[in-house]
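[1] sequence unavailable; structure follows:
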């Protein structure tokens, strides 16, 4: 079964029970097909305020595979950044890193932020 990387926006939707993303994330979790990146882990953990949110984030992250920011991912992220910024279509540091991780590991990204990520050549979006 193919693994899909979930972006922070859809993971937050899951935590807030916002549809349709909450159902999509729950289904992927149920089948063990959901992952995220170290960048998204940072975004979720740093954005969780109060014990209840922190516990919800911790429980969710414990159920996910976390893709690291390793050297191949950094190289791919740098390529994405150079390409997009040369065209005047930058997407921001966190999104470069997320895209680089997905590209390096050959995994699709589940995100609502299609406006940014559809600019990344070779990145498969769910």
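    Arrived safely, thanks for sending. Just so you know, these numbers come straight off a predicted model, no measurement behind them.

[2] check contacts around residue 40.
    By CB atoms under 8 Å, 6 or more residues apart in numbering, the contact set of residue 40 is 5-8, 11, 98. In short, each C-beta sits where N, CA and C put it, glycine included.

[3] quick one: which of the residues you listed sit in helices?
    Counting by DSSP state H, the contacts of residue 40 place 8, 11, 98 in helices.

[4] shouldn't the second one be in contact with residue 44?
    Yes. Residue 11 is in contact with residue 44 according to CB atoms under 8 Å; the separation is 6.2 Å.

[5] who touches both of those two?
    By CB under 8 Å, 6+ apart, the residues touching both residue 11 and residue 44 are 36, 60.

[6] between those two, which has more neighbouring residues?
    Between residue 11 and residue 44, counting by other CB atoms under 10 Å, residue 11 is the more crowded of the two (24 against 21).

[7] what packs against the helix or strand bottoming out on mean pLDDT in the chain?
    Ranked by mean pLDDT, DSSP states H and E, the weakest helix or strand in the chain is helix 21-30, scoring a mean of 87. Applying 3 or more CB pairs under 8 Å, 6 or more residues apart in numbering; DSSP states H and E, one finds that helix 21-30 contacts strand 4-6, helix 8-16, strand 109-110.
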